[in-house]
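Chemist: Quick one: sequence and predicted model below, then my questions.
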There are 2 protein chains.
Amino acid sequence: MDIDKGLYSRKQQILIAGAKLFHKKGFKGTTLQAIAQEIGIEGPSLYNHIKSKNEILSTLLLSNAQEFYDRMLEIKSTSETALQKLERLISLHIELTLKNPNAMALMLNEWVHLDAEDKTKYVNLRDSYDNDFQGILAQSIAEGDVADLEIDLMRFMMLSSLRSLYAWCAKYKNFNRVELEVTVKSVILNGILKK
Amino acid sequence: MDIDKGLYSRKQQILIAGAKLFHKKGFKGTTLQAIAQEIGIEGPSLYNHIKSKNEILSTLLLSNAQEFYDRMLEIKSTSETALQKLERLISLHIELTLKNPNAMALMLNEWVHLDAEDKTKYVNLRDSYDNDFQGILAQSIAEGDVADLEIDLMRFMMLSSLRSLYAWCAKYKNFNRVELEVTVKSVILNGILKK
DNA sequence: GTCTATAATGAGATAGAC
DNA sequence: GTCTATCTCATTATAGAC
C-alpha cells in the first residue's frame, strides 16, 4: 500500500499503481492482485472501478498519447520559427516525462498489448505526432537552420532519446531540471563535439 | 513455419523464432506453442531441445550482451584516440543491430523476465559496457574533442538512440548501410543544426 | 525427435454475502 | 465498495506411445 488514499480517487490510485507495476514487470507480467495489493485492497475489488485489466492500460496510454498530440497541435499553430518549435517540443517531452515517468515507459512497449480498437487509436495518435514532428523538422531544414540529412533518421534519433529520458530521470534523481533541458537541447542541436 | 530447416539446427531455429516472437508480443505474451508453430512442430516437442521457456530468453540476451562486451574490450584496448573509439562504438551498434535486430529489441525490455541468476549476469554485463562507454566518453572530453557537459546524460542519450536503431532499420528496409553510419555519426557528433 | 494426452499452475473475471 | 469463494481458461511442463 504505497499510494495515499486521501489524495486520489480509487480509480486514480489504480491507474497510478498500474503504471508503476506495468513499467516494472510489464503488462502481462503484472497481476490484478498485485495492483490491488499496491493500494491495499483485494484483487476482485478492482472490478468496482474498472471493466478489465486492459482498460487500465488503454486509459494510461490513450490519455498520454492524446496529451502529446494536443500539445503538438498547440505548438504547431504558433507563429514561431520551426527551430523554436523544435525547442518547444524538446521541452514538452521533458515536461511530460517529469509529470508521468511510468506512462512514458509504457508508451514505448506495452501498447502492443492493447486490444485491436485501442491499438488503432493509439498508433494513429503516435503516428500523427511523429508526422507533425517530422513536418516541423522539414520546415526547419527549409528555413536553413537544420542540416539537410536523412530526415526520417534524424526524427527517429531525436525521438528515441527524448522518449527514453524517463529512465535517466529515474536513475539520477537529484538532477536540476533547467540544466537537464539545457543539456538535452545542446546534445540534440549541437551534438557532443566541442565547438 | 517461416524458418528454413536446412540451414539451422533445431536449437537455432527455436532461438530465431523466439527472438522474433518475443520482440513482437513480448516474452510473457509469447506461448511455446507459437514458437513451435513458427518452426513447424508442436509445443511439447520443444522440450527435446530446450530446458524451459526462460532458457530461450536467457540464451538470446546473454550471448548478445556478451558479444557487446567482448567487442567493447577490443575497442578499449586499441591505441586510438577516445573520439576514434567512440566512432568505432557507433559502428559496432550498427553492425550488431543489422546482424540481430530482434535481439536488440529484447535487450531493452525483456531482460526483466530473466530469472534471478541470469538477470544478475545480464545487468552486470550491461553495466560494465555502459561504464566503459562512459569512460571513453570521459577520456574524449579530457582529450579536448568532446564538450564538457553532464556526462551521464550524454552517454545516456547516445546509447538510447543507438539501442533504438533496430526499429528504424525494420521500418526503412531500403536504407544504405554506409549512409546510415555516416548520418548517425553526424547527428550524434555534430547535432542537427546546420554548420 | 515428434507426437497426443494430461497434469499442474496461475490469473482474469464473476457471484453473492456483508 | 470490499470481501471470500469459485469459475474458466490459457499455458508451462511432463508422461509415454511411436
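Modeler: Alright, I've got the coordinates. Just so it is clear, the model here is predicted, and its values are computed rather than measured.

Chemist: which helices and strands sit right next to the longest helix along chain A?
Modeler: Using DSSP state H to assign secondary structure, the helix with the most residues in chain A is helix A:116-142. Using 3 or more Cβ pairs under 8 Å, 6 or more residues apart in numbering or on different chains; DSSP states H and E as the contact test, the elements touching helix A:116-142 are helix A:53-76, helix A:82-99, helix A:151-171. Placement of C-beta: from N, CA and C, glycine included.

Chemist: of all those helices, which lies closest to chain B?
Modeler: Of all the helices and strands packed on helix A:116-142, helix A:151-171 sits nearest to chain B, with 3.8 Å by Cβ to the nearest Cβ.

Chemist: Give me the buried positions along that closest one.
Modeler: Of the residues in helix A:151-171, those buried under the neighbour-count criterion (16 or more other Cβ atoms under 10 Å in any protein chain shown) are A:151-169.

Chemist: Could you list which of the residues you listed also contact chain B?
Modeler: Of the residues in those, proximity to chain B by Cβ under 8 Å from any Cβ of the partner chain holds for A:152, A:153, A:154, A:156, A:157, A:158, A:160, A:161, A:164, A:167, A:168.

Chemist: Enumerate every residue touching the fourth one.
Modeler: Contacts of residue A:156 were listed using Cβ atoms under 8 Å, 6 or more residues apart in numbering or on different chains, and they are B:161, B:164, B:167, B:168.

Chemist: gap between the two ends of stretch A:36-53?
Modeler: The separation between the terminal residues of stretch A:36-53, taken as Cα to Cα, to the nearest Å, is 11 Å.

Chemist: So is that stretch next to DNA strand D?
Modeler: Yes: part of stretch A:36-53 sits near DNA strand D under the criterion Cβ under 7 Å from any atom of the strand, namely A:36, A:40, A:41, A:42, A:43, A:44, A:45, A:48, A:49.

Chemist: Neighbours of the residue lying closest to the fourth one once chain neighbours are set aside, how many?
Modeler: Counting by Cβ to Cβ, 6 or more residues apart in numbering or on different chains, the nearest residue to residue A:42 once its immediate chain neighbours are dropped is residue A:36, at 5.6 Å. Applying other Cβ atoms under 10 Å in any protein chain shown, we find 18 other residues in the vicinity of residue A:36.

Chemist: do the same with residue A:121
Modeler: 16.

Chemist: residues in contact with it?
Modeler: residue A:62.

Chemist: Ramachandran coordinates for residue A:146?
Modeler: Note on residue A:146: its backbone torsions stand at phi -110, psi 150 [degrees, to the nearest 10].

Chemist: Next, find the distance separating the closest residue to it other than its chain neighbours from residue B:83.
Modeler: With Cβ to Cβ, 6+ apart as the measure, residue A:140 is the residue that lies nearest to residue A:146, at 4.3 Å, once sequence neighbours are left out. For residue A:140, the distance to residue B:83 (Cβ to Cβ, to the nearest Å) stands at 28 Å.

Chemist: What residues does the nearest residue to residue A:143 once chain neighbours are set aside make contact with?
Modeler: What sits nearest to residue A:143 in space, not counting adjacent residues and going by Cβ to Cβ, 6+ apart, is residue A:82, at 5.5 Å. Residues counted as contacts of residue A:82 (Cβ under 8 Å, 6+ apart) are A:136, A:137, A:139, A:140, A:142, A:143, A:145, A:146.

Chemist: Report whether the expected contact of the last one with residue A:137 is present.
Modeler: Yes: using Cβ atoms under 8 Å, residue A:146 and residue A:137 qualify as a contacting pair, with a distance of 6.6 Å.

Chemist: can you list residues touching both of these two?
Modeler: Between them, residue A:146 and residue A:137 have A:82, A:86, A:154, B:192 as joint contacts when contacts are counted by Cβ under 8 Å, 6+ apart.

Chemist: what's the pLDDT at the third one?
Modeler: Which is residue A:154. According to the prediction, residue A:154 has pLDDT 98.

Chemist: Let's check: the centremost residue of chain A is which one?
Modeler: The central residue of chain A, meaning the one whose C-alpha is nearest the mean C-alpha position (Cα atoms, centre = their mean), is residue A:104 at 3.4 Å.

Chemist: List the contacts of the helix or strand encompassing that one.
Modeler: Of the helices and strands defined by DSSP states H and E, residue A:104 is found in helix A:101-109. With contact meaning Cβ under 8 Å, 6+ apart, helix A:101-109 is reached by A:19-20, A:22-23, A:26-27, A:57, A:60-61, A:64-65, A:96-97, A:126, A:163-167, A:169-170, B:26, B:108-109.

Chemist: Do me a favour and get the end-to-end distance for stretch A:32-51?
Modeler: 12 Å.

Chemist: Give the residue farthest from the middle of chain A.
Modeler: Relative to the centre of chain A, the most outlying C-alpha is that of residue A:195, 31.9 Å out, by Cα atoms, centre = their mean.

Chemist: Grab the nearest non-local neighbour of it.
Modeler: With Cβ to Cβ, 6+ apart as the measure, residue B:147 is the residue that lies nearest to residue A:195, at 7.3 Å, once sequence neighbours are left out.
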